[in-house]
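Student: give me a model of this one.
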Amino acid sequence: MKKTAAIIIILILTISFSAAAEELTAREILGKIDSVINAPKDRELKAKLILIDRQGNKKEREIVMIQKGEKRMIKFLSPASQRGIAFLNLPGNRIYLYLPAFRRVRRIASDIKNRKFAGTDFTYEDLGNLNYADEYDPVLEETTGEYFVLELKKKEEQKKEYSRLKIWVRRDNFYIKRAEYYDKNNRLRKTVEWKRIKKIGNYWVAGEIEAHDLKNDHRTKIILSEVKFDTGLKDALFTARYLKR
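Tutor: Residues are numbered from 1 along each chain as shown. Coordinates of the predicted model:
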């Protein structure tokens, strides 16, 4: 009897949790996604970057990325031909690029933020900080056993290359598993998948991210090798001057 009662209680709790999850609005789900993405006070990670063309040829890079709030900096560590290339995103949609060959920092104009960064399948905008709730209007298309499936339409004031996204969000932790990017003619142009999702300390992180440009049949993989959270990164690290170091 005790065993039967315990099973019944577990079933009731499970049903109650599922019902509560399904009652979330699309806007509330989007807010929870933003909370998960932006949860750490700061983060520092190293990763391998692999570029794969349609013939399967690969080029490898190594990068370091640091982030604090709305500030994010990415720098290439290798190979020698790419070493020192750096990208800085600051509040107010200010983006800077440092190219060692020219020994100067230049600000990225708003009309080229949708261009790809350093041969990858990520645009300058993709690499900036993201708050989905500020940039998209969501519609909950489907709820499955594992995922919330949302359609995100860009807000009218947002200037973006893609008119809408479709995302699959894990119901257990509100971490995005897959995203599809559609152009203004409603053609699927790019997919991004977050793989090997795990919790490190208090935060969720993907051990691997893969972007696929369907038009050019080109892929970019980011494979995480090291990550640190809440180490107290200084604001001085997020300056145009620091990009040159």
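Student: which regions of this structure lie under the pLDDT threshold?
Tutor: Within the chain, the segments meeting pLDDT under 70 span 1-22, 129.
Student: need the next SSE after the strand or helix carrying residue 62, C-terminal direction.
Tutor: Using DSSP states H and E, residue 62 maps to strand 58-68. Using DSSP H and E, the helix or strand that directly follows strand 58-68 along the chain is strand 71-78.
Student: after that following strand, which helix or strand is next?
Tutor: Assignment by DSSP H and E places the next element after strand 71-78 at strand 86-90.
Student: can you give the strand pairings for the helix or strand just after that next one, parallel or anti for each?
Tutor: Using DSSP H and E, the helix or strand that follows strand 86-90 in sequence is strand 94-99. Strand 94-99 pairs in its sheet with strand 86-90 (antiparallel), strand 104-107 (antiparallel), by DSSP bridges.
Student: show me where this protein has strands.
Tutor: For the chain, applying DSSP state E gives strands covering 42-52, 58-68, 71-78, 86-90, 94-99, 104-107, 136-143, 147-154, 164-170, 176-182, 188-200, 203-213, 218-229.
Student: list the buried ones in the fifth one?
Tutor: Yep, that's strand 94-99 we're talking about. Across strand 94-99, burial judged by 16 or more other C-beta atoms under 10 Å covers 95, 96, 97, 98. (Each C-beta comes from the backbone N, C-alpha and C, glycine too.)
Student: make TSV out of the strands of the chain and add distance to residue 122.
Tutor: Output for those, formatted as TSV (distance: least, C-beta to C-beta, whole Å):
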stretch	distance to residue 122
strand 42-52	10
strand 58-68	11
strand 71-78	10
strand 86-90	10
strand 94-99	13
strand 104-107	19
strand 136-143	18
strand 147-154	18
strand 164-170	14
strand 176-182	11
strand 188-200	9
strand 203-213	6
strand 218-229	6
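Student: single out the most deeply packed of these.
Tutor: Among the strands of the chain, strand 86-90 has the highest mean neighbour count (mean count of other C-beta atoms under 10 Å), at a mean of 21.
Student: quick one, it and strand 58-68 angle?
Tutor: Counting by axes from the mean of the first three to the mean of the last three C-alpha atoms, to 10 degrees, strand 86-90 lies at 30 degrees to strand 58-68.
Student: what does strand 86-90 rub up against?
Tutor: Residues outside strand 86-90 that contact it (C-beta atoms under 8 Å, 6 or more residues apart in numbering): 70-76, 95-98, 117-118, 124, 127-129, 238-240, 243.
Student: go again using 6 Å as the cut-off
Tutor: Counting contacts by C-beta atoms under 6 Å, 6 or more residues apart in numbering, the residues outside strand 86-90 that touch it are 71, 72, 73, 74, 75, 95, 96, 97, 98, 128, 243.
Student: I'd like those as a markdown table, with distance to residue 223 appended.
Tutor: Below are those laid out as a markdown table (distance: C-beta to C-beta, whole Å):
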| residue | distance to residue 223 |
| --- | --- |
| 71 | 24 |
| 72 | 19 |
| 73 | 20 |
| 74 | 15 |
| 75 | 17 |
| 95 | 25 |
| 96 | 26 |
| 97 | 24 |
| 98 | 24 |
| 128 | 21 |
| 243 | 24 |
